[in-house]
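Enquirer: Next one to model:
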Amino acid sequence: MTSPFIAVSELADALSSRTPPVVLDASLVLHPAAFDGDYRIDSGYPSWVEGHIPGSLHVDVSTQFSDTTAPLHYTHPAPQAIADELARLGIPRDTSVVIYDSTGTLWGARLWYLLRWIGVNARVLDGGIRAWTEAGHPVESGETPAKRAAVASWPADNRRDFWVSKEELIERTASDGRPLVCGLPATSFSGEAASRYARRGHIPGSVNVSSRDLFASDGGVKSRVEIALAYDAAGVNVRDDSTEVLLYCGGGISAAANALTLAEIGVRAVRIYDGSLEEWSADPSLPLESVTPA
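Expert: Below you'll find the predicted structure:
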């Protein structure tokens, strides 16, 4: 089983090879909600300017790899739109891509999920830029990006459905054996913390495996045993890889980190509810459960 993560030592070796991967910095800052409805985001470009892996390109997932015409944040674009953006960045179809960020791996995971959807050989740098620098590898600073000429457009290859719709979740019955997992922190799942969205709480019938709890304090992914135990504790049988796992969060970002960690332990039958709580909570007819009044 090939890990969806790549270690800093492996990346360093790959970058000095005859066919180095393209390295993308997907850093983006989504601030915690200070009050209900508080939605603030900042570009990760300044952190890339401050220090980045030599030759890397900074990309903005919220604009370059989202459908900006959609009513929800981060709605996934059409597969060909993703492929065309990669071609514009000078990335051919058969080129390996390594993704990292400086903001907890969530944005790196989201871009990884999008690129895997269209058949790109993408991996995520374990521990991100922090692990790279702590291992003593060089960094560059400044605004001059690596120069890559655009390449010809190439066809996207989306052979499997990576997404679950709101309608499918509404029609989901109590007898449905597929687990529905929320990747938000426990206080968001319970409704204790302020929400960026219309209402607090979680989708009835879902369980909580916080994606942030699947990474160590240094930013690296936890061991496969620890990841499996975290899902087991929530009642998700990750040893049965024939059962599809449905994932959601606030807007499809944390859920991508859940998908990434599930792939690390060999579970690839997953789909993400892209609209997540941003869409679900905006419909007053749809139920939400919480332990405190919203």
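
Enquirer: Quick check: closest non-adjacent residue to the residue sitting nearest the centre point of the chain.
Expert: The residue lying closest to the centre of the chain (C-alpha atoms, centre = their mean) is Arg110, at 2.5 Å. Nearest residue to Arg110 in three dimensions, chain neighbours excluded: Ala256, at 4.2 Å (C-beta to C-beta, 6 or more residues apart in numbering). C-beta: built from backbone N, CA, C; applies to glycine.

Enquirer: Touching stretch 125-135 from outside, list them.
Expert: Contacts with stretch 125-135, where a contact means C-beta atoms under 8 Å, 6 or more residues apart in numbering, come from 5-9, 11-12, 23, 25, 27, 51-53, 98-102, 104-105, 108, 139, 218-221.

Enquirer: Can you tell me the element the residue nearest to Arg110 falls in?
Expert: According to DSSP states H and E, Ala256 maps onto helix 254-264.

Enquirer: what do you get for Ala12?
Expert: Here Ala12 is assigned to helix 8-15, by DSSP H and E.

Enquirer: Neighbouring strands of the helix or strand just after that helix in the sheet, and parallel or not?
Expert: Next in sequence after helix 8-15, counting helices and strands by DSSP H and E, comes strand 22-25. Using DSSP bridges, strand 22-25 pairs in its sheet with strand 57-58 (parallel), strand 97-100 (parallel).

Enquirer: following strand 22-25, which helix or strand shows up next?
Expert: In N-to-C order, the element after strand 22-25 by DSSP H and E is strand 28-30.

Enquirer: So what's the gap between that next one and the chain middle?
Expert: 12 Å (C-alpha atoms, centre = their mean, to the nearest Å).

Enquirer: hang on, the earlier thing: which residues does the helix holding Ala12 contact?
Expert: 6, 20-21, 23, 53-55, 96, 98, 125-127, 131-132, 135, 137.

Enquirer: Give the ChimeraX command for selecting the buried subset of these.
Expert: Buried subset of the contacts of helix 8-15, written as a ChimeraX selection, criterion 16 or more other C-beta atoms under 10 Å:
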select :6,21,23,53,96,98,125,126,127,131,132,137
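
Enquirer: all strands for the protein, in order.
Expert: In the chain, the segments counted as strands under DSSP state E are 5-6, 22-25, 28-30, 41-43, 57-58, 97-100, 122-125, 180-182, 207-208, 245-248, 270-272.

Enquirer: What average pLDDT does the second one get?
Expert: It stands for strand 22-25. Mean pLDDT, strand 22-25: 97.

Enquirer: Contacts for that strand next, please.
Expert: Defining contact as C-beta under 8 Å, 6+ apart, one finds that strand 22-25 is touched by 11, 15, 44, 48, 52-53, 55-59, 89-91, 95-102, 111, 125, 129, 148.

Enquirer: and it, how far from the chain's centre?
Expert: 15 Å.

Enquirer: Using PDB, write out the CA atom coordinates for it.
Expert: Written as PDB, here are the backbone C-alpha positions of strand 22-25 (Å, rounded to 0.1, in the frame of the first residue of the first chain):
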ATOM      1  CA  VAL A  22       6.000  19.600  -8.600                       C
ATOM      2  CA  VAL A  23       5.600  21.000  -5.100                       C
ATOM      3  CA  LEU A  24       2.500  23.100  -4.200                       C
ATOM      4  CA  ASP A  25       2.100  25.100  -1.100                       C
END
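
Enquirer: quick revisit: of all the contacts of helix 8-15, which comes closest to Thr261?
Expert: Among the contacts of helix 8-15, Asp126 lies closest to Thr261 (C-beta to C-beta), at 11.3 Å.

Enquirer: ok, now how distant is the closest one from Asp218?
Expert: Distance of Asp126 to Asp218, computed by C-beta to C-beta, to the nearest Å: 10 Å.

Enquirer: quick one on the thing from earlier: and of the strands of the chain, who's closest to Thr69?
Expert: strand 41-43 (17.8 Å).

Enquirer: elements contacting the closest one?
Expert: strand 28-30 (3 or more C-beta pairs under 8 Å, 6 or more residues apart in numbering; DSSP states H and E).

Enquirer: ChimeraX command for the buried members of the contacts of stretch 125-135?
Expert: Burial among the contacts of stretch 125-135 is assessed by 16+ other C-beta under 10 Å; the matching ChimeraX selection reads:
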select :5,6,7,8,11,23,25,27,52,53,98,99,100,101,102,104,105,108,219,220,221
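
Enquirer: ok, how many other residues are close to the closest residue to Thr261 other than its chain neighbours?
Expert: Nearest residue to Thr261, sequence neighbours excluded (C-beta to C-beta, 6+ apart): Leu214, at 4.5 Å. Neighbours of Leu214 under the rule other C-beta atoms under 10 Å: 21.
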